[in-house]
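Participant: pasting the structure only:
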C-alpha cells in the first residue's frame with residue numbers, strides 16, 4: 001500500500017477514534033477514580049518542568065520586545081506586548097509541549113504496553129469498551145491539567161518578564177502595568193485557556209490512539225511514543241494558527 005493511501009487511512013482511523021472518544025464522554029459509568037489518578041499523575045510530572053520553562057520564556061519575550069519597542073520609541077507599550085505574548089501564545093504552547101512530552105508519552109507507553117500484552121483485547125471480550133474505560137478519563141484529565149497548568153505558566157511567565165523588564169532594562173513598574181491595562185482584555189485570557197483545553201485534548205487523543213494501535217512488541221511501543229510526541233507538536237501548531245486566526249476575526253482588539 002502506497003504511503004499517501006496509508007496516511008489517509010490512518011487519518012480516517014484517528015478521526016473515527018476521536019469520535020468514539022467524544023461519544024464516550026456521555027456514557028455511564030463515569031470513571032471517576034481513573035480520572036483522578038490520571039489527573040494527579042499528569043500534573044505531578046508536568047508542574048515543575050512547566051514552571052521552569054516558563055521563566056526563560058517570559059524573560060526572552062520581555063528582553064526581545066523591550067529592545068524592539070525601545071528602537072521604535074514605544075517603551076510605554078512594553079508591558080502590554082510582553083504580557084499579551086505570554087498569555088495568548090507562549091503560555092498555551094509551553095503547556096502543550098509539556099503535556100505532550102511528559103504526560104502524553106506516559107499515556108502512550110501505558111496503553112501501548114496494555115496493547116502488546118493483549119489486555120485491551122481481553123477487555124473487549126469481557127464487554128468492556130477500552131475507549132470509554134481508559135481513553136476518556138485520560139482525555140478529560142489532560143484537558144483539566146492543561147487549563148490549570150496554563151494559568152500557572154502565564155503567571156510565572158508574566159512575573160519573569162516583569163522582573164527582567166524592570167531590573168535589566170530599566171523599565172518602570174507603573175508603565176509596565178498601565179500599558180497592559182490599556183490594551184489587554186478578558187478575551188485574551190479566555191483564548192489562552194481555550195487553546196490550552198484544545199491542546200490538552202489533542203495531546204491525549206494522539207497519545208491514546210498511537211498507544212492503542214501499537215504493534216511489534218516493546219520496540220513498537222517505543223516507536224509509537226516517539227510518533228505521538230512528534231504528531232502532537234505538529235498538530236498543536238496547526239490548531240494554534242486556526243484558533244488565533246478565528247480569535248482576531250471575531251474579537252475586536254482594544255486600541256484598534
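Facilitator: That came in fine, so what should we check first? No experiment lies behind these values; they were computed from the predicted model shown.

Participant: could you pick out the longest helix of this protein?
Facilitator: What stands out as the longest helix in the chain, according to DSSP state H, is helix 32-72.

Participant: so what touches the host helix or strand of residue 23?
Facilitator: Using DSSP states H and E, the element containing residue 23 is helix 3-24. Residues from elsewhere that reach helix 3-24, judged by Cβ atoms under 8 Å, 6 or more residues apart in numbering: 1, 129, 131-132, 135-136, 139, 205-206, 208-209, 212-213. Yep, even glycine has a C-beta here, placed from its N, CA and C like the rest.

Participant: same thing but at 7 Å, please
Facilitator: Contacts to helix 3-24, defined as Cβ atoms under 7 Å, 6 or more residues apart in numbering, come from residues 131-132, 135-136, 139, 205, 209.

Participant: likewise for stretch 34-44?
Facilitator: Stretch 34-44 is contacted from outside by 99, 103, 137-138, 140-142, 144-145, using Cβ under 7 Å, 6+ apart.

Participant: pick the one among the residues you listed closest to residue 93.
Facilitator: Minimum distance to residue 93 across those is 10.7 Å, recorded for residue 99 (Cβ to Cβ).

Participant: I'd say the closest one and residue 148 touch.
Facilitator: No: the criterion here is Cβ atoms under 7 Å, and residue 99 misses it with residue 148 at 11.0 Å.

Participant: look at the two and report which has more neighbours.
Facilitator: When residue 99 and residue 148 are compared for neighbours, residue 99 comes out ahead with 33 against 18, by other Cβ atoms under 10 Å.

Participant: which non-adjacent residue is nearest that one?
Facilitator: Of all residues not flanking residue 99 in the chain, residue 203 sits nearest, at 4.8 Å (Cβ to Cβ, 6 or more residues apart in numbering).

Participant: the one you found: which element?
Facilitator: Per DSSP H and E: helix 186-212 holds residue 203.

Participant: what is the orientation angle of that helix with helix 3-24?
Facilitator: Angle of helix 186-212 versus helix 3-24, following axes from the mean of the first three to the mean of the last three Cα atoms, to 10 degrees, is 110 degrees.

Participant: quick one: low-confidence parts of the stretch 151-256 of the chain?
Facilitator: Along the stretch 151-256 of the chain, the model assigns pLDDT under 70 to residues 169, 171, 175-176, 179-184, 253-256.

Participant: ok, back up a step: now distance to residue 156 and secondary structure too, for the contacts of stretch 34-44, in CSV please.
Facilitator: Formatted as CSV, the contacts of stretch 34-44 follow (distance: Cβ to Cβ, whole Å; DSSP: H, G, I helix; E, B strand; the rest coil):
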residue, distance to residue 156, secondary structure
99, 16, helix
103, 19, helix
137, 28, helix
138, 26, helix
140, 25, helix
141, 22, helix
142, 20, helix
144, 19, helix
145, 16, helix
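
Participant: hmm, which two among the residues you listed are most spread apart?
Facilitator: Counting by Cβ to Cβ, the most remote pair of the contacts of stretch 34-44 is 99 and 137, 15.3 Å apart.

Participant: spatially central residue for this protein, please.
Facilitator: For the chain, the residue nearest the mean C-alpha position is residue 96 (2.3 Å; Cα atoms, centre = their mean).

Participant: you'd agree that one is up against residue 198?
Facilitator: No: judged on Cβ under 7 Å, residue 96 makes no contact with residue 198 at a distance of 8.8 Å.
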